[in-house]
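Trainee: Any chance you could fold what I've pasted below:
(chains A and B)
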Amino acid sequence: MSVDAISLAVFNSLFASIAEEMGATLQRASFSPNIKERLDLSCALFDGQARMVAQAAHIPVHLGSMPASVASARQSFDTFRPGDVLVLNDPYRGGTHLPDVTMVSPVFVGTGEPLFFVASRAHHADVGGMAPGSLPLSTEIYQEGLIIPPLKLAEEGRRNEGVLALITANSRAPAERLGDLEAQLAAHRLGERRLQALVKAHGASRVLEHAAALIAYARRMTEAVIAAIPPGTYRFEDALEGDGQREERIPICVAVSVSAGRMTVDFSGSAPQVAGNLNAVEPIVRSATWYCIRLLAEDDVPVNHGCFEPVTVVVPPHSLLSPDFPAAVAAGNMETSQRIVDVVLGALAQALPERIPAASQGTMNNVTFGGLQNGQPFVYYETIGGGHGGGPLGDGLSGRHSHMTNTRNTPVEALEHSLPVRVVESRLRYGSGGAGRCRGGDGIRRTFEFLTPATVTVNSERRRYGPYGLHGGEPGQPGCNRLLRQGVETVLGSKATLQVSAGDRLVIETPGGGGWGKKDRPGGHEPRSLPG
Amino acid sequence: MFVGVDIGGTFTDFVLSRDGGLWIHKIPSTPAAPAQAMVAGLAALSGGDLAAVRRVSHGSTVATNAILERKGAPTALITTAGFGDLLAIGRQNRPHLYALQPQLPPPLIPRRWCYEVPERLDHAGNVLTPLDLPALDRVLDDLATQDIESVAVCFLYSYRNPVHEEMVRARILERQLLPPSQIALSCEVLPEFREVERASTVALEAYVRPVMSRYLQRLEMELPPRCTLRIMKSDGGVMSARRARQQAIHTALSGPAAGVIGAFYLAEQAGHRQIITIDMGGTSTDVSLCPGRLTRSAQSEIDGLPLRTRLLDIATIGAGGGSIARVDAGGALRVGPESAGADPGPVAYGLGGQQVTVTDANVLLGRLDPAHFLGGAMALHLPPARAALAHLAQEMGCSVEEAALGVVDVANANIDRAVRRVSVARGHDPRDFTLFPFGGAGPMHACEVAERLDIPRILVPRYPGVLCAFGLLMADVVLDYGRSVLHTIEPATEAELQARLQQRIEQMIAQAQDDLLAEGIDREHMAFAGLADMRYQGQSYELTIPFSQQLRADFCARHAASYGHEMPERAVEVVNLRLEATGWVEKPTLVPQETVESDGAVARLGDRRAVCGDGEQRLALYDRQRLQPGARFSGPALVLQMDSTLFIPPRWAASVDGYHNVILERRT
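Mentor: Predicted structure coming up:
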């Protein structure tokens, strides 16, 4: 029996459930709050030619950035044996930024070449480097942590304890690293078993035939999405504000061209490579671009090789979006990716004015801090939600994550239990959403009080230029980072790294979303009752 | 006599046990006043002698509907200064990852009724900022001018030290603003850490409690004074109506629970300990795994709102008889989650439905018999179903029969995925289980789902349509106690900590004994199971293990079994202690009938042609009512009854056991 509408649906479900189960295993067995609570992880299946067949992406920034890892792993080794597991995080060799540790392993059925590969990626809380949390205001990648080129973490089922020891020794939280790596290994064992069972049940040729059919299927789905966009070329420009070294306008330009079921997304004219950490390697640009297309799809599209075939992404060489080794890249994954989404959606809004909402907060508001507590190192990383853009369906959401991330916050009662910090306030910033017929959602104000000395790093954006409004809607209010020390308030830049003392307070105000449509009522939401 | 009553949207089902026998009864529901149908049914069953009804257990959707329709009591939230937007921000994640413009359901409590009061504890429960009483009074002044019927209080760390929440209640009572039943404290409703989930749960409790209370009051007035009224909880246990007035939110996810309880006891009595249930209705299918016991968890939400009460572990997917089939832009067949519901329903109902549903495919394949559908009460029209399927087949480039088989196949694949989610993904092998289908459409799809999963055996109950009412009759009283402790087990102090935790468990048992006595359970019928939610230090997700004298070792072993690795050198934390207290209720003992070998010929109704995957075949039709214990026959066959049709493909052998269950086994 060959491929038909029915077997396509059935195999889609079978492959997706394997990726899903790998993700569930990784999530439950891991340690990093980033992985476990905030689902900063992805698992994917690849065919023997390293074409992605299915991906369970819990976080959009991983969409489509996994194939580069598998390609790099295959380039690095000529032969694979059953039980091999490769590990890597080098952004210039298949990674994204150093905390994202990716594993790739072959799946054999019988002898010969691997029939499949499985891959997993998880954001580890600390992989060394100049600042706790490994998201420093760096100027070269060496400052960002341990660089892992593609290496065999396990060979023929035997773990390479030396590699494990090297990775854990370079982390400020070695035991946690070990736990997370173990969790990834467990996910790989499960993925391998499930794929082997699938082949046993249906036969290798039928399974492979459907893997190829699913790739063609995803291509057709993507083509259908593109076909619904009026042909033409749509341009948009927006900017980042500072690379951690200088506050300066860093433009990102896009020209989205649609014709005959194909889309070219050309970032020519964007800023050259920057000195600081905002550079984004090309797989991130692809993820952010394809995320925008995914938003337009009415149905779930299986995320695989075929999704990317109708889309050509052009990035200028030596630029912010295609940096040269050893440029710093820590924040490209988090902040630059958000602005890429803003410009692509801004361009698409001209083609589809009745569908695309105004800009959301456009930043992840990354806060990392670390230090020593009772002689033991601690590390904390959190991102903070903000306002969503208003749009055709109504006002934007308030205080939620948007676009490339969807990580949950750490409960105050969990945070204060484990770390020497107190959360003084976590409120919405009423009125920070842009005015418009459909208002932007409000940002958040979250205030931390430190109980011991610590090193704090903030990577944020939209502190000067608020998220744009559309069709006459006003921009959302920019965010603001402040330090309160002994009664004195200092405004920090969008990127900051500083030493804090016990009693110091860090106030993070996140941006409101942009408004949509001509204003006929004021921005902001109904105030809450406050005591006397 | 004891009665289980399941009030559904269309029918109210009764299962009555008296003198060792069971009777079932079905009457139309009275949605405007659900109690009306219930009392009418009880009166009919008891021959007018309501006083003979000693116990009624009942599943209620009152709390669920109040939440879904936002028709609960006007509620205020009082929380720690700085955190008034706790419910609005939630865990800051958006509900749909790839929605162009994500939407949230409307909040339970409007912002202006979320009040802040200065006060603060630290994580050990020490007071950092005492409760600001004048500020509280100003809040209460404002609250008194509003039309507020219920108040929820959630302060940070109240699970460690309830002092400030209790002060708020005392002040509200002192000022006579509200009666005690209309004040819900988070330290009582859910004394566990994670403030968003606790605040959301206590807000939900405050929101539904007055509505539930009014409903129960009306119901109790109609019932005889000596009759014990019990209500189904989300965890599959029951509780007294009195307790339900204080723990109304524990009923909010009870809808699918009763059926699983019914299935579990029925299968157990018939000798099947390990079952996977599939409850397939018109719009969705509920899947649950019972590995010799009921599995429960505490992670859930209702209409996007976090809820942390214990519930049966049930996975729900949008695949039912009414699920709509279509070809998507990439050329793959999709079935569900959109549903034609009951109105207009499938094309074959002839009520105006235009889109092909799973039911239409079954009609076309000949697997539903128009003459016997819903006992003949609902007409099934083949020609329009065939026309609609022909349209779909054209899009798919195949024959009408192939298209119909495809719709069924894809629906089954969706159920297969849900079964894997509750079994394989948690380390269980489906081949070790008996599949237990119920609900209107479960028996229609059971064999093919079992084939996909290599499940060798299926148990089809005699009355798949009233299993929920049966479950209500069988459900025990279950009370949950939980408390966050957040202790780290250090080798040096392990023995001492064990002793302290043991003491906490014993305190919980003492409390539970009193509560079970108040529920009308005597001491011989109580059982207590201590549980501990544990994790390695640094993890933020717990595994629940039975409480023991070697928690650390047990946890490490369980972690290894679940995730393939353990970390013996790593510190272990006890996050929550729990107690599950069970009060066994008197249950009817099902007495198996003697089996007499037969070929089921007395139940034969003739036959009809149907498509079975490997071509058209002649199906033998059997009347379920007349199938006697000991009857054996083989597929292909259809077993017909009022509210369900069992489809048996070739390759399956059927036998009727002493309990009138049809047992299907895969022929090798």
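
Trainee: And residue A:400, how far from residue A:433?
Mentor: Distance of residue A:400 to residue A:433, computed by Cβ to Cβ, to the nearest Å: 12 Å. C-betas here are computed from N, CA, C, even on glycine.

Trainee: shared neighbours of those two, anything?
Mentor: Both residue A:400 and residue A:433 are in contact with residue A:441, where contact means Cβ atoms under 8 Å, 6 or more residues apart in numbering or on different chains.

Trainee: and the residue nearest to residue A:470 when sequence neighbours are not counted, what are its phi and psi?
Mentor: Distances taken as Cβ to Cβ, 6 or more residues apart in numbering or on different chains place residue A:358 nearest to residue A:470, at 4.4 Å, with adjacent residues excluded. For residue A:358, the backbone dihedrals (degrees, to the nearest 10) come out as phi -70, psi 170.

Trainee: Thought residue B:328 was touching residue A:220, still the case?
Mentor: No: contact status for residue A:220 versus residue B:328: not in contact, 9.2 Å apart, counting by Cβ atoms under 8 Å.

Trainee: and the residue nearest to residue A:94 when sequence neighbours are not counted, how many neighbours?
Mentor: In space, not counting the residues next to it along the chain, residue A:94 is nearest to residue A:72; the distance is 3.0 Å by Cβ to Cβ, 6+ apart. Using other Cβ atoms under 10 Å in any protein chain shown, residue A:72 has 21 neighbouring residues.

Trainee: which regions of the chain sit below the pLDDT cut-off?
Mentor: I'll assume chain A. Judged against pLDDT under 70, the low-scoring parts of chain A cover residues A:1, A:33, A:37, A:520-532.

Trainee: Not quite, go with chain B.
Mentor: Low-confidence regions of chain B, defined here as pLDDT under 70, cover residues B:374-377, B:563-565.

Trainee: what domains does the record give for it?
Mentor: B:1-53, B:68-213, B:257-472, B:477-583, B:601-666 (automatic domain parsing).

Trainee: For residue A:213, which of the ones you listed is the nearest?
Mentor: Checking the domains of chain B against residue A:213 by Cβ to Cβ gives domain B:257-472 as the closest, at 9.3 Å.

Trainee: distance between the closest one and the chain's centre?
Mentor: Here the centre of mass of C-alpha atoms in domain B:257-472, compared against the chain's by Cα atoms, centre = their mean, to the nearest Å, lies 16 Å away.

Trainee: Ends of it, what's the gap?
Mentor: Terminal residues of domain B:257-472 are spaced 9 Å apart (Cα to Cα, to the nearest Å).

Trainee: Any residue of that domain touching chain A?
Mentor: Yes: applying Cβ under 8 Å from any Cβ of the partner chain, one finds domain B:257-472 touching chain A at B:327-335, B:396-398, B:402, B:405-406, B:409-410, B:413-414, B:416-417, B:420-421, B:424-425.

Trainee: near chain A, which residues of the stretch 101-250 of chain B?
Mentor: Close to chain A, as judged by Cβ under 8 Å from any Cβ, the stretch 101-250 of chain B has residues B:101-104, B:110-118, B:122-123, B:132, B:134-136, B:138-139, B:142, B:156-157, B:193-197.

Trainee: returning to that earlier point: more neighbours: which of residue A:400 and residue A:433?
Mentor: Set side by side, residue A:400 and residue A:433 give different neighbour counts by other Cβ under 10 Å, the larger being at residue A:433 (41 against 26).

Trainee: For that one, which non-adjacent residue is spatially closest?
Mentor: In space, and not counting its chain neighbours, residue A:433 is closest to residue A:440: 3.4 Å by Cβ to Cβ, 6+ apart.

Trainee: Would you check that the one you found makes contact with residue A:515?
Mentor: Yes: with contact defined as Cβ under 8 Å, residue A:440 and residue A:515 form a contacting pair (5.1 Å).

Trainee: Mutual contacts of these two, please.
Mentor: Residues touching both residue A:440 and residue A:515 by Cβ under 8 Å, 6+ apart: A:358, A:389-390, A:433-434, A:469, A:473, A:476, A:523.

Trainee: Now, of those, which are buried?
Mentor: The neighbour-count criterion (16 or more other Cβ atoms under 10 Å in any protein chain shown) marks A:358, A:389-390, A:433-434, A:469, A:473, A:476, A:523 among the shared contacts of residue A:440 and residue A:515 as buried.

Trainee: Helix or strand next in line after the helix or strand hosting residue B:581, which one?
Mentor: Counting by DSSP states H and E, the secondary-structure element that holds residue B:581 is strand B:572-583. Moving toward the C-terminus from strand B:572-583, the first helix or strand encountered (DSSP H and E) is strand B:604-611.

Trainee: Listing partners with orientation, what would you give for that next one?
Mentor: The pairing partners recorded for strand B:604-611 under DSSP bridges are strand B:616-623 (antiparallel).

Trainee: neighbouring contacts of the partner strand?
Mentor: Under the contact criterion Cβ under 8 Å, 6+ apart, strand B:616-623 has outside partners B:366-367, B:369, B:401, B:600, B:603-612, B:633, B:636-641, B:650.

Trainee: Show me which residues of whichever helix or strand comes after that strand are buried.
Mentor: Scanning the chain past strand B:616-623 towards its C-terminal end, the next helix or strand to appear is strand B:632-634 (assignment: DSSP H and E). When neighbours are counted by 16+ other Cβ under 10 Å, the buried residues of strand B:632-634 are found to be B:633-634.

Trainee: Just checking: what are the partner strands of strand B:632-634?
Mentor: Here strand B:632-634 is paired, per DSSP bridges, with strand B:652-656 (antiparallel).

Trainee: what comes into contact with the strand it pairs with?
Mentor: Contacts of strand B:652-656 (Cβ under 8 Å, 6+ apart): B:447, B:458, B:595, B:600, B:627-635, B:637, B:639, B:648, B:662-667.

Trainee: and these, which are buried?
Mentor: Among the contacts of strand B:652-656, the ones that count as buried (16+ other Cβ under 10 Å) are B:447, B:458, B:600, B:627, B:629-631, B:633-635, B:637, B:639, B:648, B:662-664.

Trainee: Looking at those, which is nearest chain A?
Mentor: Relative to chain A, the closest of the buried ones among the contacts of strand B:652-656 is residue B:447; by Cβ to the nearest Cβ it sits at 17.0 Å.

Trainee: element containing that closest one, please.
Mentor: helix B:442-453.

Trainee: For that helix, give me every contacting residue.
Mentor: Residues from elsewhere that reach helix B:442-453 (Cβ under 8 Å, 6+ apart): B:278-280, B:285, B:321, B:362, B:367-368, B:408-409, B:411-413, B:415-416, B:419-420, B:430-431, B:435, B:437, B:455-458, B:460, B:464, B:613, B:635, B:639, B:644-649, B:651-652, B:664, B:666.

Trainee: Return the distance of the residue nearest to residue A:481 when sequence neighbours are not counted relative to residue A:326.
Mentor: Residue nearest to residue A:481 in three dimensions, not counting chain neighbours: residue A:492, with 4.2 Å by Cβ to Cβ, 6+ apart. With distances defined as Cβ to Cβ, the gap from residue A:492 to residue A:326 amounts to 27 Å.

Trainee: More neighbours: which of the two?
Mentor: Neighbours were counted for residue A:492 and for residue A:326 using other Cβ under 10 Å; residue A:492 has more, 19 against 16.

Trainee: Show the backbone phi and psi for that one.
Mentor: On the backbone of residue A:492 - angles per degrees, to the nearest 10 - the values are phi -90, psi 160.

Trainee: out of residue A:440 and residue A:515, which sits in the more crowded spot?
Mentor: When residue A:440 and residue A:515 are compared on other Cβ under 10 Å, the one with more neighbours turns out to be residue A:440, at 42 against 33.
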